[in-house]
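Chemist: Here is my input; please provide its structure:
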Amino acid sequence: MSLLSPWVCYTSRTLLTLFAINLLIMSYSVGCRAQVSGTVFYDFDANGIQTSVSPTEAGVTAIGVRIFVNGNAHPLITQTDKAGYYAFTAQQVPSGSAVRVEFFNLPETFSVSSSGPHNGTEVQFVQAPATNVNLGIFNDDEFCNVDINAQIITACYSMGDPLKNGSAGDDPALVLFDYNAEGEGGTPSGSPMEKLANASEIGSTWIASYQRSSNTLIIGAITRRHVGLGPLGTGGFYSVDLNNRVVSNFIDVKTIGIDTGPDPHIDPVTGLNVLPADKLAKSRDSLAFHTAAKVGIGGSQLSVYQDTLFLINLYDRKLYSFSVQKPLKAPANMAEAQTKSFQIPHPGCSNNEFVPWALKYYRGKLYVGVVCTAETSQKKSDLKAAIYEFDQKTTTFNNIFEFGLDYPRGAIDATPGCDATNGWQPWTNVFPKQCNYPAGSPDPVAAFAIYPQAILSDIEFDDDGSLIIAFMDRLGLQTGQDQPGIAVDDTLNYYGFMSGDIVRAQYNADSTYTLENNGKSGNLQGCGINTNSGPGGGEFFCEDYWLNGANEVGHREITNGAMLKIAGIPEVLVSAMDPIHGLYLSTGFVAYDTKTGTRNRSFSVYSLNPGSLGKSGGVGDLARICDPAPLEIGNTVWLDVNKDGIQTPNEALLDNIVITLHDMQNGGTEVARDTTANGGHYYFNDTNVAGRLKRNHTYEIRIDLNQEIPTSVLGTIPANGRLQAQTVKLIDTLTISPLQVTGDTQNFLRDSDAEFNTDSTQAIVKVITGDNSQNNFTFDIGLTINDMMEKKIDLEITKRVIGNCIHEVGDEVIFEIVVRNVATTSTAIADSVMIADTLVNNLTFINFTTNKGTYDPSTHIWGPFSIQPGESDTLTITAKINKIDGFQGGFVSNQAEVIKAIGVDLDSEPNNYDKTEDDYAIAYLSVPIPICTSRQDTLIINAPGGFTSYQWFKDGVEIIGATAQTLSVHEPGNYTVEVDSGQCPTNNCCPIVVREYCECPARPCIPVILKKIKASLPLTK
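Modeler: Okay, the predicted model is just below:
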């Protein structure tokens, strides 16, 4: 670039700073505009494309990015901002630079997504300027393509004992339907459902976890009044093999040391189950009323590796884990189970009364939901909810968010008398009074029971990390449909209402959370402002109501505490009573928009179903069934010119190389092949490997060195008579690079992983694949030139300005460039030599002369031509100094570098911008810089950075004490600098000429930095 030395006339002392009087790092005139930038984003659907909706794929903050520019071994490092964006400036990366970009510090459990239009791998090679150097990341836990085979599973309930061979055991207890289901399930107008298990097989369950590798569900029991347990009791887990729809008893966790308490349906005196076999028969089931949410299992979750199950034991309020292996297999004894327990804390609940339930795995941590029940104090002010983060490595709990539950809520039922008990109530063991008729005139047909008691039953994370929190109403577990109360003298039959809630807590920049307030959460505005329902008098998710046939609101707070959100999809599914307007005594789900809080669609699992639970929570939690995340391996094949086993930015990537994949657990059978393309890339994945790419499996990646490849692939490899044909054998030209020369965690991204087979005819890479989503793009293969094929050339360049190096604007100048092949062997002919010789903006090309090749001023390329050992060739360029960008003085440079040659240079590498090598040279000329001493102007001159010592000279005389990188100049003269060992950093050091000149220019020159310094002299005009 031209070195600007503008000045401005001021009435006070003026400080002028020269930009880039930089003797070593002159670059092309567009250098100031060059950059490398991109985005790291969550690629939830693993298609390599960042999308803003369905799925919403946000950027990922704090991902490390380092770049290596040209041959520099020292990287520049930054990290992504909160939007996932990163950038390196023009000053860091000159235009035309070859750059290797590496990404590191990915979040735990995340891997690089499949290669696609918007993203590459952990290592990418670009030429500056380059934008959209992106990286998508994903993991198996959050991968789900809702448009391809995404399904939902939930439990449903029939009253009675399902194990007595009556109607109570015949109804479905586990059903499956499409994620996008809507309408009345199982009817011609609604989405279809599939029954996976009867009540007689699994009884009353709450939550299912899905082990993707085995395509198997594991479902945990729940204790609730009027609905009997399955054959394994309160500690029961059941499995469903979705490949063949087989239901099996998995394990009773009591057998591995987890006491979940007694079956509350068993009479402690008689030892008999008090529930009837007929789902329409009545039962008081009194003990189950008192033990609701205090016996059995709450939430459960598979670990990230899906070989361990975590569960909440309601009976002792602890978190437990035990091994379930992969594929799913129940532990046969305590030793196999490896059972562990962890005491769950509480947020200072009065009388130590708290209940945990929700359990959520999210990005390496488990999250536990807890409520303070205030059962003894009966003070609403004692009602609280808290979410704890559990670190499995340290086995510690951290309270990340807590809030009170004394906010207002909407009327659960619009019936007079039932519209008063709306807010969360302290837990109770007293059966609530009917609310729909005044005392003394009961309705024996339909007595409504309403008394909401909060259970923090589910946790989901929005795409920005915010919490979405679901509450179940304990009364739903304590009541049923058309069932008697617990007192023997109570003659009424009750319809219980499960009235839950759903709230949002915004994730803040300081990693804290803020509860929604009057319908607003962070920058999002929900739909329920000023409704006198929800924290702060409004609610974000406002359409949690049911409209009756007259289009009037009959129920509010209809959610039931089960919840599901798929990453990237801007909606959350929540269980609800009467989810479809106008459809009575039904249970199902509502999908709410997570950006606006409005309702997207509704789906009912049943309505008006005799023997069901009606409005008292007729479905369980939600589990998603999605195809496993894809798996891919591969990377690049490159030409390791310097044979160091490290892939540098300017080394060529080799296309048209055939690579095969071999199954080493099946005799080495070839199962796939690919041909390198688009910069040496190759990939093996679920689509191009026979029978898909197996997980946790041993393979070999192979290159047959006897394969014929087009000679064009080898580009810069010397002819030596062998490459005159259209094709050549790899083995005749190339060999493999040194194997894994570093072995450290950083350089494995860029070293070569291939070794020879026993007869040296194949390059092989030994591979063990990971699990779903654990893509591995570090299997690089370096090929280098055979010693017999390699010829050693030695090109060097010198440059000079012919004549005086000090000129004025408007002068014509002549640059001479000489390239020599100083190799001594007669065969070291440098073929196809090409040199980049660039004129900066302040030089206007006029003409050139050369004895070989030609010079194209539009591309700045001289060549191609050949140079015999000991010979040289010369190019002269005539150009005129111009005033572009207001140029008035300073350095003007012309630089040249060998960018291509057939042959291996002994001491330099083409096109790597290494200014210390002999195939790179710069010539400077100097245009005098004006300074006005009577105005006490100061000119700041900057030498290049990176040296250990500096010494400035004026008119050839050393300036005492001028040993800094910068020099303040106050008077005319010829200024030079020596660095390090006393050597001027160019072949022809032209001085910086400063001359006296005080006339003001017509306009200020830019770019400049001006700083007025208070003068000791009087100001003048």
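Chemist: which regions of this protein lie under the pLDDT threshold?
Modeler: For the chain, applying pLDDT under 70 flags the ranges 1-34, 438-445, 714-726, 740-750, 787-791, 944-947, 981-989, 999-1021.
Chemist: Got the domain ranges for it?
Modeler: Each domain of the chain is listed here as a residue range: 14-28+792-996, 34-143, 151-625, 632-790, per automatic domain parsing.
Chemist: next structured bit after whichever strand or helix holds Phe342?
Modeler: Phe342 belongs to strand 340-343 when assigned by DSSP states H and E. Remark: after strand 340-343, the chain's next helix or strand is strand 354-362, criterion DSSP H and E.
Chemist: Quick check: which helices or strands does that next one pack against?
Modeler: strand 297-302, strand 308-313, strand 365-372, strand 454-461 (3 or more CB pairs under 8 Å, 6 or more residues apart in numbering; DSSP states H and E). Yep, even glycine has a C-beta here, placed from its N, CA and C like the rest.
Chemist: What are the contacting residues of it?
Modeler: 141, 293-294, 298-304, 310-312, 314, 317, 319, 344, 346-347, 366-373, 387, 427, 455-461, 470, 472 (CB atoms under 8 Å, 6 or more residues apart in numbering).
Chemist: check contacts around Asn776.
Modeler: Residues in contact with Asn776, defined by CB under 8 Å, 6+ apart, are 111, 633, 767, 769-770.
Chemist: quick check, nearest of those residues to Tyr592?
Modeler: Proximity of the contacts of Asn776 to Tyr592 (CB to CB) peaks at Ser111, which lies at 30.8 Å.
Chemist: Look up which residues are beta-bridged to the closest residue to Lys643 other than its chain neighbours.
Modeler: By the measure of CB to CB, 6 or more residues apart in numbering, the closest residue to Lys643 outside its immediate chain neighbours is Thr784, 4.7 Å from it. Listed beta-bridge partners, Thr784: Thr735 (assigned using DSSP bridges).
Chemist: For Thr784, give me its contacts.
Modeler: 639-641, 643, 734-737.
Chemist: Need the buried ones from the residues you listed selected in ChimeraX.
Modeler: Here the buried members of the contacts of Thr784 are turned into a ChimeraX selection, burial being counted by 16 or more other CB atoms under 10 Å:
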select :639,640,641,734,735,736,737
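Chemist: Quick one: list the elements packing against the strand holding Phe342.
Modeler: Packed next to strand 340-343, using 3+ CB pairs under 8 Å, 6+ apart, are strand 318-323.
Chemist: what does the strand it packs on rub up against?
Modeler: In this structure, residues lying in contact with strand 318-323 by CB under 8 Å, 6+ apart are 253, 256, 258, 303, 307-313, 331, 336-344, 356, 359, 366, 368, 390.
Chemist: With stretch 327-347 instead?
Modeler: Contacts of stretch 327-347 from elsewhere in the structure, counted by CB under 8 Å, 6+ apart, are 211, 213-214, 216, 218, 237, 239, 250-251, 256-258, 312-313, 317-325, 352, 354, 356, 368, 370, 372, 384, 386, 388, 390, 395, 397, 399, 402.
Chemist: what's the first-to-last distance across that stretch?
Modeler: Between the opening and closing residues of stretch 327-347 we find a distance of 38 Å, counting by CA to CA, to the nearest Å.
Chemist: Can you name the next helix or strand after the top strand by length along the chain?
Modeler: As far as residue count goes, and with DSSP state E defining each element, the longest strand of the chain is strand 890-902. Using DSSP H and E, the next helix or strand after strand 890-902 towards the C-terminus is strand 904-905.
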